[in-house]
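Student: predicted structure and sequence below. I'll ask about it afterward.
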Amino acid sequence: MSPVIEVRDLRKTYGSGDTAVHALRGLDLTVEKGEYIAIMGASGSGKSTLLNILGCLDVPSGGKYLLDRIDTGEFDEEQLSLLRNRKIGFVFQSFNLVPRTTALANVELPLVYAGVRRPQRRERALAALDLVGLGDRTHHRPNELSGGQQQRVAIARALVTSPAIVLADEPTGNLDTDSSREVLGILDRLNASGRTVVLITHEDEVAAHAMRTVRVVDGRVAGVLV
Amino acid sequence: MRVFEIAAFAVRGLTANKMRSGLTTLGILIGVASVILLIAVGNGASSAVQQSIAGLGTNILTISPQRAQPGSTAKPLTTADAAALVGADSPDVKYASPVVSAQATAGYGDTTHDIGQFIGSDPRYFNTTNSAVAQGNLFSDNDVQQARKVVVIGATVATELFPGTEPVGKSMLVNNIPFTVVGVLAAKGSSGLQDADDMVVAPLTTTQNALTGYGSLTQIVVQAQSADALPNAQAQVTTILNGRHKITGTADYRILSQDQLLTARTATTETFTVLLASVAAISLLVGGIGITNIMLVTVTERIREIGIRKAVGAPRSSILGQFLIEATLLSLFGGALGVAAGMIGSQFTIAGIQPVLVPSSVLLAFAVSALIGLFFGSYPASRAAKLRPIEALRHE
Ligand SMILES: Nc1ncnc2c1ncn2[C@@H]1O[C@H](COP(=O)(O)OP(=O)(O)OP(=O)(O)O)[C@@H](O)[C@H]1O
Ligand SMILES: [Mg+2]
């Protein structure tokens, strides 16, 4: 097996001087291709900080992050945006859909920046929406969708570019039990089809979907529970 | 392909908030339209003034009284002065007409009209001012000698006082004194800042009797034998008047040739145009600040959206492009509407002035509006594009 994510001595410090917050203090983590990992830990332990760095949304203060064996530290902003577009699908706790824009247009968004042509783009976006069970909601705007439906649109957007890894920061945090079950079902199917999935959760039932759970304590990995 | 998609995002951004886009466009529209229109009005005024002065002919001198220097007494310009200017000592002077002018109200039946200029002079005055008679006759030297209460009226006065009737032969009241209309002058058109047809000419003697009294003349209008003889005529007039007024130092009168008059008036209207243009430029600037303001608000309000776009892989250039296109479209659209409004507006007569479009002002206003969009839009746009995705997403 080859590691798709390899993190060595990762550090992240917010601010400086007396008010500096050390969110990550030398974290090591390896994720193999096709794995399904749950990250757990107390509030403020650095889980989101880690996932944002894995998603190339933020840059670490120290350490190495190899994505598909490539050192992301040597990438400039332009190349990072390419990585985000091609290799990573990110699902947020708060959905983060573009407001006043239809579900279809939201899902098409990464494909636009990837330069995919319109007919193909439409086809792939519709297929992704079908996959999350929203084939009949394509022309609804975010404010016309329930929380669970919005999160499924967000997942469709994360998977439409067929990324190597799907990262989800508490994707069920704002959802009720039924919606959570649907969302987790989709992530399970994604993983079953070969995608690497990393998700953050506070709930053991959610973590139970994963192959293994990584526990973060004070910006380091405390132990791996299989 | 990509540029087209980004432009589509920009258009969607603008149409998502039509009210705000509309108001910003309106700001630029007003700025551009007022630049074009006000410059056209200024230009129209100065060309009208030039035309009216050119209409006087190139062989005219006007003499007007000048205030006395301290320590000496100024002699008034008199009818005798005017008469003395024509004679053997001044072979280059053809005519010299004494002129007085007054403000007066005319009435006929129930209609009254404030006359722009009531002038008292002699029959040569019509010749020197290129005034032709359209109906009836001019008054004669005999009318002047007898101080008859006759008037020749301008076209504006004729239409104001005698709508639908034949003015010649009618008796009209000037400051409640009855005058008989003997003729109507052909229309000359507006001379920029004042209506040249809003005037009445009566014999000098009558005017002095009835309206102005026997003080100084307002002007003596001198016609030289020809345009070439003008400098000689001016020298002869100066000699005669200096002798009559016993001038040793500064003269108590002033002689202006038509050339000097033109220069003086052109300078005035140029100041006027510059003034109008600066008012207009300020309104264009305010429109530009409006765009910056709206773009700042738009960008700030949509920082989360920018974060989302960056999170799914939008490169910096596409974010920058999207917001620059939004700003430029706003100002180009406003600019185009402003050009249209300015061109349509300049077809109408404004405050008695027929505006004359200056093509370079249209280009300038349009180019400035487009640049304003680019310039003022680029600051907020580049600020938005530089944000790290996570910073943008966390923005409150
Ligand atoms: N932008 C920031 N500026 C300053 N400090 C930050 C910032 N983001 C996070 N932190 C701090 O870093 C630490 C780790 O935060 P992080 O969001 O990674 O925690 P978390 O494990 O995701 O917590 P939760 O389970 O509540 O989401 C916290 O102490 C937090 O206050
Ligand atoms: Mg978190």
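Tutor: Structure received. Only a predicted model underlies this, so the values are computations on that prediction, with no experimental measurement involved. Ligands and ions are numbered 1, 2, ... in the order given.

Student: would you list the phi and psi of the residue positioned nearest the centre of chain A?
Tutor: Against the mean C-alpha coordinate of chain A, by CA atoms, centre = their mean, the closest residue is A:Leu167 at 1.9 Å. Main-chain dihedrals, A:Leu167, degrees, to the nearest 10: phi -110, psi 130.

Student: I'd say it and A:Val198 touch.
Tutor: Yes. The criterion here is CB atoms under 8 Å, and A:Leu167 meets it with A:Val198 at 5.1 Å. (Glycine included, C-beta is placed from N, CA and C.)

Student: give me the common contacts of those two.
Tutor: Counting by CB atoms under 8 Å, 6 or more residues apart in numbering or on different chains, the contacts common to A:Leu167 and A:Val198 are A:51, A:54.

Student: now the element after the longest strand belonging to chain B, going C-ward?
Tutor: Identified as the longest strand of chain B according to DSSP state E is strand B:93-108. Next in sequence after strand B:93-108, counting helices and strands by DSSP states H and E, comes strand B:111-121.

Student: that following strand packs against which elements?
Tutor: strand B:93-108, helix B:155-161, strand B:199-203, helix B:204-207 (3 or more CB pairs under 8 Å, 6 or more residues apart in numbering or on different chains; DSSP states H and E).

Student: what lies in contact with the next helix or strand after it?
Tutor: The helix or strand immediately downstream of strand B:111-121 is helix B:124-128, counting by DSSP H and E. With CB under 8 Å, 6+ apart as the test, helix B:124-128 has contacts from B:56-57, B:60, B:95, B:97, B:99, B:119, B:131-133, B:138, B:152, B:185, B:201, B:221, B:223.

Student: count of residues packed around the closest residue to A:Thr102 other than its chain neighbours?
Tutor: Nearest residue to A:Thr102, sequence neighbours excluded (CB to CB, 6 or more residues apart in numbering or on different chains): A:His139, at 5.0 Å. Look at A:His139: counted by other CB atoms under 10 Å in any protein chain shown, it has 10 neighbours.

Student: quick check: A:Thr13 vs A:Glu182, distance?
Tutor: A:Thr13 sits 38 Å away from A:Glu182, going by CB to CB, to the nearest Å.

Student: cool, and B:Leu284?
Tutor: Using CB to CB, one obtains 56 Å as the distance from B:Leu284 to A:Glu182.

Student: who has more neighbours, those two?
Tutor: Set B:Leu284 next to A:Glu182 and count neighbours by other CB under 10 Å: B:Leu284 wins out with 24 against 18.

Student: picking that back up, now, which of the contacts of helix B:124-128 sits nearest A:Leu190?
Tutor: Proximity of the contacts of helix B:124-128 to A:Leu190 was ranked by CB to CB; the top entry is B:Leu56 with 91.8 Å.

Student: now for the longest strand of chain B, which elements pack on it?
Tutor: Using 3+ CB pairs under 8 Å, 6+ apart as the test, strand B:93-108 ends up in contact with helix B:79-84, strand B:111-121, helix B:124-128, helix B:155-161, strand B:171-174, helix B:204-207, strand B:219-224, helix B:230-245.
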